[in-house]
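Novice: quick one, structure for this:
(one chain, ligands or ions: 2)
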Amino acid sequence: MKPFERVAMMGIGLINGSLALTLKKAGLAGEIVACARGAGTRARALELGLCDRAVESPAEAVEGADLVVLGTPPAVMGEIAAAMRPGLSGEAIVTDVASIKGRIVNDVIPHLPEPRMFVPGHPVAGTEHSGPDAAFEGLFRRRRCILTPIEDTDPAAVQRIRAMWEKAESSVDVMTPEHHDRVLAITSHLPHLIAYTIVGTVADLEEEAKTEVFKYAAGGFTDFTRIAASDPTMWRDVFLSNREAVLEMLGRFMEDLIGMQRAIRWSQGDPLFELFTRTRAIRRGVIEAGQAYVRKPADGENGGNAD
Ligand SMILES: NC(=O)c1ccc[n+]([C@@H]2O[C@H](COP(=O)([O-])OP(=O)(O)OC[C@H]3O[C@@H](n4cnc5c(N)ncnc54)[C@H](O)[C@@H]3O)[C@@H](O)[C@H]2O)c1
Ligand SMILES: O=C(O)C(=O)C[C@]1(C(=O)O)C=C[C@@H](O)C=C1
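Specialist: Numbers count the residues shown, from 1 in each chain. Ligands and ions are numbered 1, 2, ... in the order given. Down below sits the predicted model:
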C-alpha cells in the first residue's frame with residue numbers, strides 16, 4: 001500500500017507537476033489525478049507523465065482522493081477549494097504549495113469539510129518557468145519546505161505531509177503563517193520586487209539606450225532578468241496578499257538605498273566598502289547553508305504559461 005492511494009493535483013504547473021513526478025518516483029502515490037481548466041494543459045500533463053488522469057472539474061478531481069494539493073496561483077485557491085467541496089472526503093488531507101500562507105489559510109479553510117485536515121505548506125524551491133513543461137523531478141531536493149499548521153491542525157496530518165516532503169529530500173521547518181510571511185517578504189518577495197523594478201526601469205529607457213543594455217548586458221543585469229521573467233499572475237497575487245510585510249521590508253530597503261546614494265554623492269568610500277564586505281560574508285553563509293544551488297538548465301529556456 002502506498003502512503004497516498006489517490007492524489008489530486010489542483011493545478012498542474014511547475015510546482016505540482018514537479019511534486020507529481022517526485023511522488024511517483026518515490027513510490028508515494030498510487031493514482032495521480034490532475035485538475036486544470038485548459039484542455040491543452042490537461043493533454044500536456046498526460047503526455048509528460050505528470051498524472052494518470054486529467055480532469056476539468058475540481059469536484060471530480062478530488063473524488064476518492066486521500067491527498068489534495070492546491071497548486072494554482074495563490075489568489076484562486078479559495079475558489080478552487082469551494083469548487084472541490086462536493087467531491088471532497090472529510091478524511092482527505094488537503095495541503096497547498098503557495099508562496100504566501102496567511103491569505104491561503106483564510107481563503108481555503110472556510111470551504112473545507114474538515115479544516116483540521118488542512119496542512120498549509122510552501123516548498124521554497126522554484127524557477128522562473130511556468131506550466132507543465134517546466135516541471136522536473138528533483139526540484140525539491142536539498143531545498144527547504146515550510147509547513148504552517150494552525151492551532152487546530154491535526155498533528156497526524158502534519159506528520160504525513162512532513163514525511164512526504166522529506167521523501168522529496170526537502171528539509172522541513174514548521175512555523176506560523178504570519179512568521180512565514182514576514183520571513184519570505186525579505187528572502188523572496190522583496191528580491192523579486194527589486195528585480196521587476198530594475199528590469200522595468202530598463203524597459204522604460206529610450207530605444208537607443210535599451211539596445212545598448214541588451215548588447216552589453218553584464219552578469220548582474222542578466223541575473224535580474226531571470227528573476228523578472230517569473231510568472232506575472234503569481235507575483236501579482238504574492239505582493240497584494242502579503243502587502244503589510246512587503247511594504248515594511250520595502251521601507252527598510254529604501255532607507256538603505258538612500259544611504260548608498262548619500263555615500264556615493266559625498267564620495268564616502270568607507271560605508272560602501274564596509275557594506276560590500278558584510279554582504280560578501282552573507283553570500284558565504286548562504287552557500288554554507290546549502291541554499292546557493294545551480295538550477296536545472298531549462299530546455300530552450302522555455303516554460304510557457306498554461307492553465
Ligand atoms: N514558481 C515558483 O518558483 C514557486 C515556488 C514555490 C511555490 N510556488 C507556488 O506554487 C503555486 C503554483 O505555482 P507554479 O509556479 O507551479 O505555477 P504554474 O503557472 O506553473 O502552474 C499553475 C497551474 O495552475 C493552474 N491554473 C492557473 N490559473 C488557474 C486558474 N485561474 N484557475 C484554476 N487553475 C489555474 C494551471 O494548471 C497551471 O498550470 C503558486 O501558488 C505559487 O505561489 C511557486
Ligand atoms: O529560483 C527562483 O526562480 C525563485 O525565485 C524561487 C523562489 C524564491 O526563491 O524566491 C520563488 C518563489 C517561491 O515561493 C519559492 C522560491
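Novice: show me the shaky parts of the protein.
Specialist: Applying pLDDT under 70 to the chain picks out residues 293-307.
Novice: how does the protein divide into domains?
Specialist: As assigned by automatic domain parsing, the chain contains the domains 4-175, 180-291.
Novice: just name the most buried of the ones you listed.
Specialist: Greatest average neighbour count among those goes to domain 4-175 (a mean of 21), per mean count of other C-beta atoms under 10 Å. C-beta coordinates here come from the backbone N, C-alpha and C atoms, glycine included.
Novice: can that domain be said to contact ligand 2?
Specialist: Yes: shown here: domain 4-175 in contact with ligand 2 (C-beta under 6 Å from any ligand atom) through 99, 124, 125, 126, 127, 128.
Novice: between those residues, which is nearest residue 225?
Specialist: residue 128 (9.1 Å; C-beta to C-beta).
Novice: is it true that that closest one lies in a helix?
Specialist: No: with DSSP: H, G, I helix; E, B strand; the rest coil as the criterion, residue 128 is assigned coil and is not in a helix.
Novice: measure residue 142 to residue 238 for me?
Specialist: Look at residue 142 and residue 238: by C-beta to C-beta, to the nearest Å, they are 24 Å apart.
Novice: again with residue 179
Specialist: Separation of residue 179 from residue 238 (C-beta to C-beta): 17 Å.
Novice: closest one to ligand 1 among the domains of the chain?
Specialist: For ligand 1, the closest of the domains of the chain is domain 4-175, at 1.8 Å, according to C-beta to the nearest ligand atom.
Novice: a strand runs through residue 225, doesn't it?
Specialist: No: if the criterion is three-state DSSP, then residue 225 is helix and not within a strand.
Novice: dump the residue contacts of it.
Specialist: 195, 199, 217 (C-beta atoms under 8 Å, 6 or more residues apart in numbering).
Novice: and those near ligand 2, which?
Specialist: Within the contacts of residue 225, nothing lies near ligand 2 by C-beta under 6 Å from any ligand atom.
Novice: among those residues, which are located in helices?
Specialist: 195, 199 (DSSP state H).
Novice: could the contacts of residue 225 be laid out in TSV, adding distance to ligand 1?
Specialist: Listed next are those as TSV, based on distance: C-beta to the nearest ligand atom, whole Å:
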residue	distance to ligand 1
195	13
199	17
217	23
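Novice: what is the nearest of the contacts of residue 225 to residue 134?
Specialist: Nearest to residue 134 among the contacts of residue 225, with distances taken as C-beta to C-beta, is residue 195, at 18.4 Å.
Novice: distance of that closest one relative to residue 235?
Specialist: Residue 195 sits 10 Å away from residue 235, going by C-beta to C-beta.
Novice: give the contact list for the residue nearest to residue 180 when sequence neighbours are not counted.
Specialist: Leaving out its chain neighbours, the residue that sits closest to residue 180 by C-beta to C-beta, 6 or more residues apart in numbering is residue 101, at 4.6 Å. The contact partners of residue 101, taken as C-beta under 8 Å, 6+ apart, are 120, 122, 146, 148, 177, 180, 181.
Novice: at 6 Å instead, please
Specialist: 120, 148, 177, 180, 181 (C-beta atoms under 6 Å, 6 or more residues apart in numbering).
Novice: just residue 216 next, same as before
Specialist: By C-beta under 6 Å, 6+ apart, residue 216 has no neighbours at all.
Novice: so residue 124 is in contact with residue 147, correct?
Specialist: No: using C-beta atoms under 6 Å, residue 124 makes no contact with residue 147, being 11.4 Å away.
Novice: thinking again about what came up before, adding distance to residue 94, write the contacts of residue 225 out as CSV.
Specialist: Shown next, in CSV, are those (distance: C-beta to C-beta, whole Å):
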residue, distance to residue 94
195, 32
199, 36
217, 44
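Novice: tell me the SS of the residue nearest the centre of the chain?
Specialist: Centroid-nearest residue in the chain, with C-alpha atoms, centre = their mean: residue 99, separated by 4.5 Å. Using three-state DSSP, the structure places residue 99 in coil.
Novice: ok, now the one 10 residues further on?
Specialist: When the structure is split into helix, strand and coil by three-state DSSP, residue 109 lands in helix.
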